[in-house]
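Visitor: what's the 3D shape of this:
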Amino acid sequence: MALDRQRIVAEAVALLDAEGLDGVTTRKLAARLGVQSPTLYWHVPNKAALVTAIADAILDQEFGDMAPPAPHERWQDWLGGLAGRLRRALLAHPDGARVVSAAQLSVTMAAISELAMSALVSRGIPLRQARVIVLTVERFTVGHVLEEQAPRPDADALQHFDMATFTERHPTVVAAIAEYFQPGQTVDDLFRDCLEVVIAGAVRTAGR
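Guide: Numbering: from 1, shown residues only. Below is the predicted model of the structure:
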């Protein structure tokens, strides 16, 4: 099979899925493709370009089609749905949020921002406010997923963690976690509830 950019990126995404972002190296990628590392540079000049290509591939899987809000759809509901799609795209791959946050000049992320900002402007929101609202929602979403995908405490950390003392010092934090995650409540609910707060603030800022 001929080596081209599409095949390189597809294999890079597979390598990401297998080993996470830290495992994505040109040496390992070249080995998976059966070529020497310098061969890759004809198609992706450096690691930064490779990461950006992976980011676009990850986002394209969820955002193959994008459309502005329907005429009678509230822009805040539409924007919330867009953020949900972004979160799904990032969670679909290990370190997805790290990849997208590290990407330089991602054309797909730019297309998402363009659509979102233009949609808000078309609803009468000033350009400056539209940009701030969209960036806030995007960065909240990426940051939320960064935390979701962060490594969990290892056995050594848990072994030396004194839960009783932690609870004594932070009773409200512990009570709030226990109260929120009643049976049936999930991290998906937490994301939506936090996102609603972010967008509600945006609505007040925009006055719409």
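Visitor: Check the gap between Leu16 and Arg32 for me.
Guide: When distance is defined by C-beta to C-beta, to the nearest Å, Leu16 is 11 Å away from Arg32. The C-beta positions use only the backbone N, C-alpha and C, and glycine is treated the same way.
Visitor: and if you look at Met117?
Guide: In terms of C-beta to C-beta, Met117 sits 38 Å off from Arg32.
Visitor: Show me the helices in the chain, by range?
Guide: 5-19, 26-33, 37-40, 47-62, 75-91, 96-102, 107-122, 127-149, 155-159, 163-169, 171-180, 187-206 (DSSP state H).
Visitor: where are the low-confidence patches of this structure?
Guide: 1, 207-208 (pLDDT under 70).
Visitor: Show me which of Leu16 and Arg32 is the more surrounded one.
Guide: Leu16 (24 against 14; other C-beta atoms under 10 Å).
Visitor: For Ala14, give me its contacts.
Guide: Arg32 (C-beta atoms under 8 Å, 6 or more residues apart in numbering).
Visitor: follow-up on the earlier one: looking at the helices of the chain, which one is packed in the most?
Guide: helix 96-102 (a mean of 23; mean count of other C-beta atoms under 10 Å).
Visitor: now for the helices of the chain, which one comes closest to Pro69?
Guide: Closest to Pro69 of the helices of the chain is helix 75-91 (C-beta to C-beta; 3.7 Å).
Visitor: just to revisit the earlier point, distance to Pro69 for the helices of the chain - can I get that in a markdown table?
Guide: A markdown table is the format used below for these (distance: least, C-beta to C-beta, whole Å):
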| stretch | distance to Pro69 |
| --- | --- |
| helix 5-19 | 30 |
| helix 26-33 | 39 |
| helix 37-40 | 41 |
| helix 47-62 | 18 |
| helix 75-91 | 4 |
| helix 96-102 | 23 |
| helix 107-122 | 6 |
| helix 127-149 | 13 |
| helix 155-159 | 45 |
| helix 163-169 | 44 |
| helix 171-180 | 30 |
| helix 187-206 | 13 |
